[in-house]
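**Q** fold the following for me, if possible:
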Amino acid sequence: MKPKTSVYIATSVDGFIARPDGGLDWLEHDSGNDDYGFHGFIASVDSMILGRATYEQVLGSGVEWPYTGKHVIVPSTTLSAGDVPEELRGEVEIASGEPSELLAILERQGFKHAYVDGGVTIQRFLRAGMIDELTITYIPVLIGDGIPLFGALDGDIKVRHLSTNSFDSGIVQSLYQVAR
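**A** Prediction:
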């Protein structure tokens, strides 16, 4: 059975996930001690499909690898297994292919719930009809230009609203199910 696929991502109110240069400084927001459900979400997934640019950004950030214990596939035609740091081998797999092929890899390995992350990767999976749920966290800022969460589509993708929560910090988070 194909793993369930979920997106959990923050966007500016005007729909951007990063500045044109990939900058994420606008994400710095006083959240108090609230993680907006991220720890619960990440505990619910057993695998990830992490876009190459996002993977490289996480690796280069200087923080400890945040996805320990999750099997991560990085879709790439430019990276190889030798590009994975020694300490992440066995957890991080480089693979090329269409979204259905990447999900087939996870299915063969017995994974049940994949977190799909990275702008281009999310867009590819949406266009392929391979996203089940979207959790979108709207940060109360307009950045005017940047990398959009959603790109061009071949046709409409209908979603069903499941819930919305608003927080004292001004953050609004909505959960959608992609209609089939």
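**Q** any idea of the pLDDT on the nearest residue to residue 46 once chain neighbours are set aside?
**A** The spatially closest residue to residue 46, leaving aside those adjacent along the chain, is residue 111, at 5.1 Å (C-beta to C-beta, 6 or more residues apart in numbering). (Each C-beta comes from the backbone N, C-alpha and C, glycine too.) Confidence at residue 111, expressed as pLDDT, is 97.
**Q** how about residue 84?
**A** Spelled out, the predicted local distance difference test score at residue 84 is 93.
**Q** residue contacts, it?
**A** When contacts are counted by C-beta atoms under 8 Å, 6 or more residues apart in numbering, residue 84 touches 92, 93, 94.
**Q** switch the cut-off to 7 Å
**A** Contact partners of residue 84, counting by C-beta atoms under 7 Å, 6 or more residues apart in numbering, are 92, 94.
**Q** so how far is residue 92 from it?
**A** With distances taken as C-beta to C-beta, to the nearest Å, residue 84 is found 5 Å from residue 92.
**Q** what of residue 120?
**A** Here the criterion is C-beta to C-beta. By it, residue 120 lies 18 Å from residue 92.
**Q** between these two, tell me which one has more neighbours.
**A** Here residue 120 and residue 92 are compared on neighbour count by other C-beta atoms under 10 Å; more neighbours surround residue 92, at 23 against 14.
**Q** quick one, phi psi at that one?
**A** phi -110, psi 130 (degrees, to the nearest 10).
**Q** how about the worst-scoring helix or strand of the chain on mean pLDDT: buried residues?
**A** Ranked by mean pLDDT, DSSP states H and E, the helix or strand of the chain with the weakest confidence is helix 52-60, at a mean of 91. By neighbour count with 16 or more other C-beta atoms under 10 Å, helix 52-60 contains the buried residues 52, 53, 54, 55, 56, 58, 59.
**Q** quick one: the last one from residue 50, how far?
**A** Read it as residue 59. In this structure, residue 59 and residue 50 are separated by 10 Å, where distance is defined by C-beta to C-beta.
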